[in-house]
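Novice: Model the structure of this input:
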Amino acid sequence: MGKEKKTFYLTTAISYPNGEPHIGHAYEAIITDTIARYHRLFENNVIFLTGTDEHGIKMLQTAKRLNLTAKQLADKNAPLFIKMLKEVNSTHDDFIRTTEERHKIACIEIWNRMSQNDDIYKGKYAGWYSIRDEAYYEEKELTKKNGQFYSPQGTEVTWVEEESYFFRLSKYQDRLLEHYKNNPKFILPESRKNEVIKFVQSGLKDLSISRTTFDWGINVPNDDSHVMYVWVDALTNYLTGVHFPSETYKNYWPANYHIIGKDILRFHAVYWPAFLLSANIELPLTVFAHGFLFNRGVKMSKSLGNVVSPGELIEKYGIDQLRYFFLREVSMGNDGNYDDESISRRVNADLANDLGNLIQRSCSMVQKNCDGIIPSISSELNDDDLNINSNVASLASRIEILVETLEFNKILSEIWEQISNLNKYFSDQKPWELRKNNNERMQTVLFITLNNIRKIAIMLLPVIPTSSEKILNLLNINDADRTFKSITDENIDISDNRLGEVTPIFPKVEISDE
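Specialist: Predicted coordinates:
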């Protein structure tokens, strides 16, 4: 990488605060936080945005049921999302609430730009609308059960007729298809891209972008009888986060990644780029749609009573353990499954046994046989030493490639392959026997083991930040030597570092039968 810091702008979908955060929200925060941390480790200049989407009829209806105003509901629940982010150890730079003044200014600006481009006109809307999805559907997309129509997501739709402003979405059909073709990474993963292309090819209709039946939202410029359709408002948050409409937004825009759930891909990959084309704003580089998390193969729903709060799981396992589990077990873009057995099995095998035991055994030997001071290389390196060193070092460049494609499960499986090689190296070299007859060789083996643990801990900083810090603290590594570059920096010598106290970094998880 060059001297100049690359800017890297990353966003999550913003959450509806009409209820408490669930594990799906935590999963998206863990993914995006890991991406942000890797890019900071590569010494890029990162802006990482998340927040809450507080307008729309869904908020209004939930608030009414609870005898609150929509604003009171937002004020009550937004802090729960901020708390959840803290629990998952998120390092976001900004948390946006769409009820903020700065956001209203951005929305009015994008509306005015679309309007100046002659892409907004007034008409009458009549069609099927899902309150739950805040989305319109054509009749051909619906299914009918017992006289009631349902959306492709299985949510109820109702027939709506009202005066509305429309956005000329149909005008952008060809430009969108051309953009998808020329920018193969605009929609990821591949499988999702094909769904979007098929939808756009089947013909785009102009989109109703205002509401008159309720007033909880941002007013349409110069027409207080209309509020903006919640998605025009919500999607614009990505611009608000980098100070749009001030020209400085271009320092970070276009966004490198919008990380979103697969259920809202249409809004991000069809409507949003069309709004931006209309407003003459560059399009984001990649919209990445991740899958859902299922508890024992079942989608979580309040009616089934299987909704798990992130806090409960974190309390049970620890946040690094959960971060590791979801990033290792779920391939980005696919749905994932979790249950107590699979979490405890994975955490105990990989973290407690493979990595934890290796640290424990090697550091305890240094404590006992080297006065707690990391020894230096005291004998000629043999093939085993050179192999383990070169394998771990070459993993660093591999990780940079895999971070680009968000293949975290691959990153972790390759890191664990090297942890297992390092365990084998340590066992094969038998430093406890060398202690009796070849002290110099023992010191070399201990140095090589601890130095490679250091490199692996740096590679794992974005995934299990607290535990990796503990490992690096144990090895007494300077803060300045915890960057990605320092993995392959020949000038870093950890011999003579005094070890901290050797205590288990990954305690075993005990799960009761309940």
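
Novice: can you list the weak-confidence ranges in the stretch 1-150 of the chain?
Specialist: Applying pLDDT under 70 to the stretch 1-150 of the chain picks out residues 1-4.

Novice: Skipping its backbone neighbours, what lies nearest residue 449 in space?
Specialist: Take residue 449 and drop its neighbours on the chain: the residue closest to it by C-beta to C-beta, 6 or more residues apart in numbering is residue 362, 4.5 Å away. To be clear about C-beta, it is placed using only N, CA and C from the backbone, and glycine gets the same treatment.

Novice: Need the per-residue pLDDT for that neighbour.
Specialist: Here, the pLDDT recorded for residue 362 equals 98.

Novice: list the helices and strands the helix or strand in which it is found packs on?
Specialist: Remark: residue 362 resides in helix 358-369, with elements defined by DSSP states H and E. Counting contacts by 3 or more C-beta pairs under 8 Å, 6 or more residues apart in numbering; DSSP states H and E, helix 358-369 packs against helix 408-429, helix 431-437, helix 439-460, helix 465-474.

Novice: chain center to it: distance?
Specialist: The chain centre lies 36 Å from the centre of helix 358-369; the measure is C-alpha atoms, centre = their mean, to the nearest Å.

Novice: got the buried residues for that helix?
Specialist: Neighbour counts using 16 or more other C-beta atoms under 10 Å place 358-363, 365-366, 369 of helix 358-369 among the buried residues.

Novice: State the distance from residue 245 to residue 103.
Specialist: Going from residue 245 to residue 103 by C-beta to C-beta, to the nearest Å gives 12 Å.

Novice: Can I take it that residue 46 is in a helix?
Specialist: No - counting by DSSP: H, G, I helix; E, B strand; the rest coil, one finds residue 46 to be strand, located in no helix.

Novice: Quickly note the distance from it to residue 6.
Specialist: Residue 46 sits 9 Å away from residue 6, going by C-beta to C-beta.

Novice: Which residue of those two possesses the greater neighbour count?
Specialist: Under the criterion of other C-beta atoms under 10 Å, the comparison of residue 46 against residue 6 puts residue 46 first, with 24 against 13.

Novice: correct me, but the residue nearest to residue 449 touches residue 427?
Specialist: No - in this structure residue 362 lies outside contact range of residue 427 using C-beta atoms under 8 Å: 10.9 Å.

Novice: average pLDDT for stretch 441-449?
Specialist: 98.

Novice: how about that stretch as PDB, C-alpha atoms only?
Specialist: Coordinates of each C-alpha in stretch 441-449 appear next as PDB, following Å, rounded to 0.1, in the frame of the first residue of the first chain:
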ATOM      1  CA  ARG A 441      17.400 -25.100  20.700                       C
ATOM      2  CA  MET A 442      14.700 -24.900  23.300                       C
ATOM      3  CA  GLN A 443      15.000 -21.100  23.400                       C
ATOM      4  CA  THR A 444      14.800 -21.000  19.600                       C
ATOM      5  CA  VAL A 445      11.600 -23.100  19.500                       C
ATOM      6  CA  LEU A 446      10.000 -21.000  22.200                       C
ATOM      7  CA  PHE A 447      10.900 -17.700  20.400                       C
ATOM      8  CA  ILE A 448       9.500 -19.000  17.100                       C
ATOM      9  CA  THR A 449       6.300 -20.200  18.700                       C
END
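
Novice: residue furthest from the geometric center of this protein?
Specialist: residue 437 (51.2 Å; C-alpha atoms, centre = their mean).

Novice: Tell me where the stretch 1-150 of the chain has strands.
Specialist: Applying DSSP state E, counting those that start in this stretch to the stretch 1-150 of the chain gives strands spanning 7-12, 45-52, 94-97, 120-130, 135-137, 143-145, 148-150.

Novice: Just tell me which of those ends up closest to residue 444.
Specialist: strand 45-52 (38.7 Å; C-beta to C-beta).

Novice: And that closest one, what does it pack against?
Specialist: The helices and strands touching strand 45-52, judged by 3+ C-beta pairs under 8 Å, 6+ apart, are strand 7-12, helix 23-41, helix 70-87, strand 94-97, helix 237-240.
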